[in-house]
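**Q** curious how this folds, go ahead:
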Amino acid sequence: MTISPTLPKTAISRFWLVVILAIAFGYIEAAVVVYLRQIFHPAGFVFPLASFPLTAESNRILLIEVAREAATIVLIFAACFLAGQNRRQRLAYFMIIFAVWDIFYYVWLKVILGWPASIMDWDVLFLIPCPWAGPVLAPVLVSLTMFVFATLFFYRDCVGKPIRVSLWDWLGFLLSGFVIIASFCIAGQYMQSSDYADRFSWLIFAIGLLGVIILSVKCFLRRQ
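**A** I've put the predicted structure just below:
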């Protein structure tokens with residue numbers, strides 16, 4: 001009988017510390033969004049989004065928010081760099097932090113605001129380089145996929161059996177990620193349209209997500 005290698009205690013401790021950090025980070029993100037919704041959508045955050053006057057003050061707040069989102073990515077990079085022992089672990093930690101942060105962002109919004117009422121409610125997902133939008137289910141599926149495979153890759157690296165990713169695999173991951181992002185960016189252009197719900201292409205999104213899943217399984221099953 002083959003016994004699976006066990007993770008070093010330091011790796012387990014570091015993993016859970018990173019997860020706790022991401023959960024707390026998700027709360028910070030949710031709190032910021034509560035304030036932003038009160039500023040820009042005091043009558044309620046519902047799609048299609050109501051327009052608001054583009055004053056000098058609102059433009060300044062939007063610019064601050066874009067910079068905050070960029071700073072968030074920098075903080076995640078810093079955390080994964082400090083936690084990981086090599087480039088593979090740092091990449092895995094980046095995906096783990098991002099995934100847990102994103103999922104718990106919605107968990108905390110549900111606790112604080114009772115929103116989303118449904119997993120199919122739409123949300124503004126990101127603002128760089130343009131607004132991203134789509135049903136809550138879509139980013140949650142991406143985050144769950146990232147968390148599962150990043151955790152598996154992290155485990156394999158910690159037990160001395162790192163997963164090999166070829167150049168073609170990396171190109172495939174980049175292309176699949178671009179397709180997913182494109183589905184969000186396209187939908188983001190119609191946040192104020194009455195037919196916004198028809199503007200998110202589940203087909204484009206599914207092609208990108210399936211690409212990530214297939215490539216991840218392929219790399220995981222590849223012989224050393």
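
**Q** just checking, Phe77 touches Tyr93?
**A** No: in this structure Phe77 lies outside contact range of Tyr93 using C-beta atoms under 8 Å: 9.8 Å. (Glycine included, C-beta is placed from N, CA and C.)

**Q** of these two, who's got more company?
**A** Tyr93 (25 against 14; other C-beta atoms under 10 Å).

**Q** which strands and helices sit next to the helix or strand that contains the more buried one?
**A** In the assignment (DSSP states H and E), Tyr93 maps to helix 87-113. Applying 3 or more C-beta pairs under 8 Å, 6 or more residues apart in numbering; DSSP states H and E, one finds that helix 87-113 contacts helix 9-40, helix 56-83, helix 137-158.

**Q** could you export those to TSV, including columns for mean pLDDT and distance to Asp121?
**A** Listed next are the helices and strands packed on helix 87-113 as TSV, based on pLDDT from 0 to 100; distance: least, C-beta to C-beta, whole Å:
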stretch	mean pLDDT	distance to Asp121
helix 9-40	93	13
helix 56-83	91	21
helix 137-158	96	9
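
**Q** using CSV, please lay out those together with distance to Phe184.
**A** CSV is the format used below for the helices and strands packed on helix 87-113 (distance: least, C-beta to C-beta, whole Å):
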stretch, distance to Phe184
helix 9-40, 17
helix 56-83, 14
helix 137-158, 7
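
**Q** what's the burial count for Phe94?
**A** 21.

**Q** any idea how far the closest residue to it other than its chain neighbours is from Val74?
**A** Spatial nearest neighbour of Phe94, excluding adjacent residues (C-beta to C-beta, 6 or more residues apart in numbering): Cys80 at 4.2 Å. Cys80 sits 11 Å away from Val74, going by C-beta to C-beta, to the nearest Å.

**Q** re earlier: which of the helices and strands packed on helix 87-113 is buried the deepest?
**A** Mean neighbour count (mean count of other C-beta atoms under 10 Å) peaks for helix 137-158 among the helices and strands packed on helix 87-113, with a mean of 19.

**Q** that one packs against which elements?
**A** helix 9-40, helix 87-113, helix 167-188, helix 202-221.

**Q** got the angle for the last one vs helix 167-188?
**A** Relative orientation of helix 202-221 versus helix 167-188 (axes from the mean of the first three to the mean of the last three C-alpha atoms, to 10 degrees): 160 degrees.

**Q** just the buried positions in helix 202-221, please.
**A** Buried residues in helix 202-221, defined by neighbour count with 16 or more other C-beta atoms under 10 Å: Ile204, Phe205, Gly208, Leu209, Gly211, Val212, Leu215, Ser216, Cys219.

**Q** got the contact list for the last one?
**A** Listed by C-beta atoms under 8 Å, 6 or more residues apart in numbering, the contact set of Cys219 reads Phe153, Ile163, Arg164, Val165, Asp169.
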